[in-house]
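1. My questions concern the predicted model and sequence given below.
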Amino acid sequence: MNFKETDIINIVIAGTAGQGVITLKRLIEFAAQKNGIERVFGSEFYDLIKA
Amino acid sequence: MHGLAQREGAITSHTRYQKKVFEDERKNLHSPLICYGDADLFICFEPVEALRRGIFASEKTTFVLNSRTIPGVMITANLEEYPSLEKIKEILNHYTNEVYFMNATELSLEKFNSNQYVNLIMLGFAIATDKLPFIEIKNYEEVIYEWLRDPEINIKALHLGLEEGKKIINSQ
């Protein structure tokens, strides 16, 4: 799939606590900033469930 | 919110980026949250977690999943049943045909004698789908060197995921 430079890219990273979800999210965001990508946003959700 | 996650609790993150912005600000990226059905890529470290956040998927979504399951408390207590990988794939195929599985945990244990590198293997797998455009491998490597412990092993894991991911995607 070819993306245009003005396209907004949306990535969901899902896992369970301790698997490195947040590390990977930040890694992608920092790498995007290194590349000179003009706008990078992220959010994190921590569910309260135990199962 | 930090500090509220429980062991085996579900964690989800949204990452959004736009390489070049329009002059018209109304067309640009402003929110850190993805709209329902607007995800281009799902990176799932646990198969059921893909279903939990399925609302963000649509026909344009590509799923990359770690096939190692982590049954929750209700399942280990025999109160609920964990769905088979075939069932999970069948459900995800209602959104898209681009659903790829890799046992990244097993791969990490086999190659690095540790399951700590699953996330980097999964990143390589995700890059192989071409759904992370514009960011180059060297950008990831720079960040790994700056931010992670044992950067050489993490970079090896990234490249391992990329190679194995390409094989899986090309074989389907």
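-> Great, that's in hand.
2. the strands in chain B, which residues?
-> Taking DSSP state E to define them, one finds strands in chain B at B:10-18, B:41-44, B:62-66, B:99-102.
3. which stretches of chain A have low pLDDT?
-> Judged against pLDDT under 70, the low-scoring parts of chain A cover residues A:1, A:47-51.
4. now chain B
-> B:1-7.
5. List the contacts of the residue positioned nearest the centre of it.
-> Most central in chain B under CA atoms, centre = their mean is B:I43, positioned 1.4 Å from the mean C-alpha point. Going by CB atoms under 8 Å, 6 or more residues apart in numbering or on different chains, B:I43 touches A:I11, A:V12, A:I13, A:A14, A:L24, B:V64, B:M122, B:L123, B:F125, B:A126. Glycine gets a C-beta too; all of them are placed from N, C-alpha and C.
6. thinking again about what came up before, looking at the strands of chain B, which is closest to B:R53?
-> Ranking the strands of chain B by proximity to B:R53 (CB to CB) places strand B:10-18 first, at 5.4 Å.
7. In its sheet, which strands sit next to that closest one, and in what direction?
-> Next to strand B:10-18 in the sheet, as set by DSSP bridges, lie strand A:8-16 (antiparallel), strand A:39-46 (antiparallel).
8. Quick one: these as JSON lines, columns for mean neighbour count too.
-> Shown next, in JSON lines, are the strands paired with strand B:10-18 (neighbours: other CB atoms under 10 Å in any protein chain shown):
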{"stretch": "strand A:8-16", "mean neighbour count": "24"}
{"stretch": "strand A:39-46", "mean neighbour count": "17"}
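9. B:Y95 is nearest to which of the ones you listed?
-> Across the strands paired with strand B:10-18, B:Y95 has its closest neighbour in strand A:8-16 (12.1 Å, CB to CB).
10. quick one: buried residues of the following helix or strand past that closest one?
-> Per DSSP states H and E, strand A:8-16 leads on to helix A:21-34 as the next helix or strand towards the C-terminus. Neighbour-count burial for helix A:21-34, with 16 or more other CB atoms under 10 Å in any protein chain shown as criterion, is recorded at A:21-32, A:34.
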